[in-house]
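Participant: make a model of this:
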Amino acid sequence: MKKFLFAKNNIGFIDGTINKPAAKLETYMRWMCCDVMIKGWLAIAMEKDIRLSVKYANTASEIWSDLEERFGKESAPRAYELKQSLTTTRQQGSYVSSYYMKL
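Facilitator: Below is the predicted model of the structure:
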């Protein structure tokens, strides 16, 4: 997602380098439109449960900070859990596309 936003020249909305202007400034509405668009991109990229947990964030930067705090650090127990899940995943009659999506 960072690479995508960087390519679109919008990385500043999530890293905080493009600050929200005061409501009385003429750039305020343009900033709000871009921020809402980026919030939409982030929401589309998330699973439903995660999306619901960040839906009350006011800005894309707040969403990004929340996600980075929760998922940005390496967790040995979580890595072990994922490896265990990977080794026990079986096709069990599901479509090949569904099986590979699980993987």
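Participant: nearest residue to the middle of the chain?
Facilitator: Closest residue to the average C-alpha location of the chain: residue 42 at 4.5 Å, with C-alpha atoms, centre = their mean.
Participant: check which helix or strand it maps to.
Facilitator: helix 28-45 (DSSP states H and E).
Participant: which other helices and strands does that helix contact?
Facilitator: helix 2-7, helix 12-15, helix 60-71 (3 or more C-beta pairs under 8 Å, 6 or more residues apart in numbering; DSSP states H and E). (C-beta placed from N, C-alpha, C; glycine too.)
Participant: check the residue nearest to the centre of the chain and give its pLDDT.
Facilitator: pLDDT recorded at residue 42 is 89.
Participant: tell me how many other residues crowd the nearest residue to it once chain neighbours are set aside.
Facilitator: Spatially, and ignoring its direct neighbours in sequence, residue 42 is nearest to residue 63 (5.4 Å; C-beta to C-beta, 6 or more residues apart in numbering). Residue 63 has 25 neighbours, counted by other C-beta atoms under 10 Å.
Participant: also the one 3 residues further on?
Facilitator: Neighbourhood size, residue 66 [other C-beta under 10 Å]: 15.
Participant: isn't the residue nearest to the centre of the chain right next to residue 65, touching?
Facilitator: No: between residue 42 and residue 65 there is no contact under C-beta atoms under 8 Å: 11.6 Å.
Participant: pull the helix or strand with minimum mean pLDDT from the chain.
Facilitator: Ranking every helix and strand in the chain by mean pLDDT, DSSP states H and E puts helix 2-7 at the bottom, with a mean of 74.
Participant: and it, what's buried?
Facilitator: Within helix 2-7, the residues scored as buried using 16 or more other C-beta atoms under 10 Å are residue 5.
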